[in-house]
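>>> mind folding the following:
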Amino acid sequence: MKEVVRSLFRKVVSFFHNVVSLLERLIGKFRLLPPCRRIDNALQKPWRGGSKPLQYHFLPYVTSVLRVLGWAILIIGVLASILLGLEIMNGGLTVWRAELQGVGMGVAAIVLGIIGSFLAWLFLLVNRELVYLFIHVKDNTRNTANSITEE
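Numbering: from 1, shown residues only. Modelled structure (predicted):
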């Protein structure tokens, strides 16, 4: 059982190493841009479905952070719950003087950890979509008010 945990741990470390190297390459490409293009182009990013620039300059960053954070929580939460469940199955775990041990406890930890990670991921992505919803509602309200005042 320890070999399974070690091989899974090696795979997790390899995965995070690949993610870090991908981020390093992305940051390297970002640094190659001229300074005036970095911020100006990012701030004038059009929102989904439209070609006009976004009026709220900070919202693309907020939505990007929510998406990245959501996926990170999902991946790390699932991996951590699997490792914790395997540890409980293999050798047991003591939490506040309570001994967690056995296959049933380990499976319960894995299942509950995966469900919790999924719900946190879903919550963050729903909040991201709500930001876009508020932008669309604002634009639709402005368009309706303009069409009513023109008539």
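>>> only C-alpha atoms from now on, for both contacts and neighbour counts.
Fine.
>>> residues contacting L83?
Going by C-alpha atoms under 8 Å, 6 or more residues apart in numbering, L83 touches V5.
>>> next SSE downstream of the least confident helix or strand in the chain by mean pLDDT?
None of the helices or strands of the chain scores lower by mean pLDDT, DSSP states H and E than helix 35-43, at a mean of 48. Using DSSP states H and E, the helix or strand that follows helix 35-43 towards the C-terminus is helix 59-90.
>>> and that following helix, what's buried?
Going by neighbour count (16 or more other C-alpha atoms under 10 Å), the buried part of helix 59-90 is 59-60, 63, 66-67, 69-71, 73-74, 77-90.
>>> centroid-nearest residue for the protein?
In the chain, the residue lying closest to the centroid (C-alpha atoms, centre = their mean) is G70, at 2.1 Å.
>>> look at that residue and report its pLDDT.
The model reports G70 with a pLDDT of 90.
>>> nearest spatial neighbour of it, skipping sequence neighbours?
W121 (4.5 Å; C-alpha to C-alpha, 6 or more residues apart in numbering).
>>> residue contacts, that neighbour?
Residues in contact with W121 (C-alpha under 8 Å, 6+ apart) are 70-71, 73-74.
>>> so V103 is in contact with M89, correct?
Yes: with contacts counted by C-alpha atoms under 8 Å, V103 reaches M89, the gap being 4.9 Å.
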